[in-house]
Each structure stands twice: as structure tokens, then as C-alpha cells.
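Asker: fold the stuff below for me.
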Amino acid sequence: QVQLVESGGGLVQPGGSLRLSCQVSGSIFSLGAMGWYRQPPGNQRDFVAVITSGGSANYADSVKGRFSISRDNAKNTVYLQMNSLKPEDAAVYYCNAANVLSAMNPYYGMDYWGKGTLVTVSS
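Answerer: Got it, this is the predicted structure:
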């Protein structure tokens with residue numbers, strides 16, 4: 001069974017930093033792109049950043065220059081370094097792993113989501 005577990009959320013003051021982690025566990029054969037999305041209270045889930053298996057990254061305009069996504073393929077883990085945090089960055093942050101081949105689905109890539117980690121930005 002493939003599971004994504006996020007960590008690193010919490011309360012931070014405006015201008016502060018947090019680093020989120022998301023580890024994919026299970027009998028994984030390969031991972032495609034991994035990304036982060038966020039959902040503020042009462043709003044839809046929005047794209048934040050994505051990184052391909054080869055390391056190419058893309059960001060939402062709202063976080064460019066402040067957030068950095070990276071991954072450790074050996075650990076099946078993706079990170080999101082968030083700097084210069086603003087109150088509008090507050091949300092539940094979700095990790096996504098795309099096109100995952102695993103023992104349960106060795107021929108058809110599946111997408112998986114974590115349960116989310118809460119980021120609160122407040123003074």
C-alpha cells in the first residue's frame with residue numbers, strides 16, 4: 001500500500017520559514033513528478049510547486065522566489081522550503097505523487113495524496 005506522509009507544518013510568524021517534508025512509503029517501483037498543493041480554509045486546493053523525477057521544478061507565481069521544492073529520489077521524499085512566509089500562505093499543504101508504479105499497480109501509474117499538514121502564519 002502506497003502512503004504519503006507530510007510533516008513540518010506549524011505556526012510561524014510572518015517573514016519566517018518552514019520546511020515541509022513528504023515521504024512516500026510502500027513497495028514503490030518508480031515515482032513520477034511530486035508536488036505540493038495548498039488549501040486555505042473555505043477555499044479550493046491550489047497548485048504550489050512541482051518537481052519532476054529529473055529535478056525540473058515549477059512554481060505558482062504567488063510563491064516564486066520564496067519557496068523551493070526539492071526531492072531525494074533515494075528516500076522517495078519531496079521537500080518544500082518556504083521562506084518569507086506571508087499570512088496568505090496559511091493553509092493545509094498537501095503532497096502529491098504522480099504516476100507511481102508499485103507492487104499493487106506495477107503497470108499503470110497511479111496518483112496519490114497525503115493527508116496534509118497545517119501551516120499557520122500569524123504574529
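
Asker: strand partners (parallel or antiparallel) of the helix-or-strand element of the chain with minimal mean pLDDT?
Answerer: Using mean pLDDT, DSSP states H and E, strand 28-30 stands out as the lowest-scoring helix or strand of the chain, at a mean of 90. Partners of strand 28-30 in the sheet, by DSSP bridges, are strand 91-102 (antiparallel).

Asker: can you list contacts of the least confident helix or strand of the chain?
Answerer: By Cβ atoms under 8 Å, 6 or more residues apart in numbering, the residues outside strand 28-30 that reach it are 2, 53, 76, 99-103, 106. Where you see a C-beta, it was placed from the backbone N, CA and C, and this is true even at glycine.

Asker: could you find the closest non-adjacent residue to the residue sitting nearest the centre point of the chain?
Answerer: Residue closest to the mean C-alpha point of the chain, counted by Cα atoms, centre = their mean, is Trp36 at 3.0 Å. Closest residue to Trp36 apart from its sequence neighbours, by Cβ to Cβ, 6 or more residues apart in numbering: Val48 at 4.3 Å.
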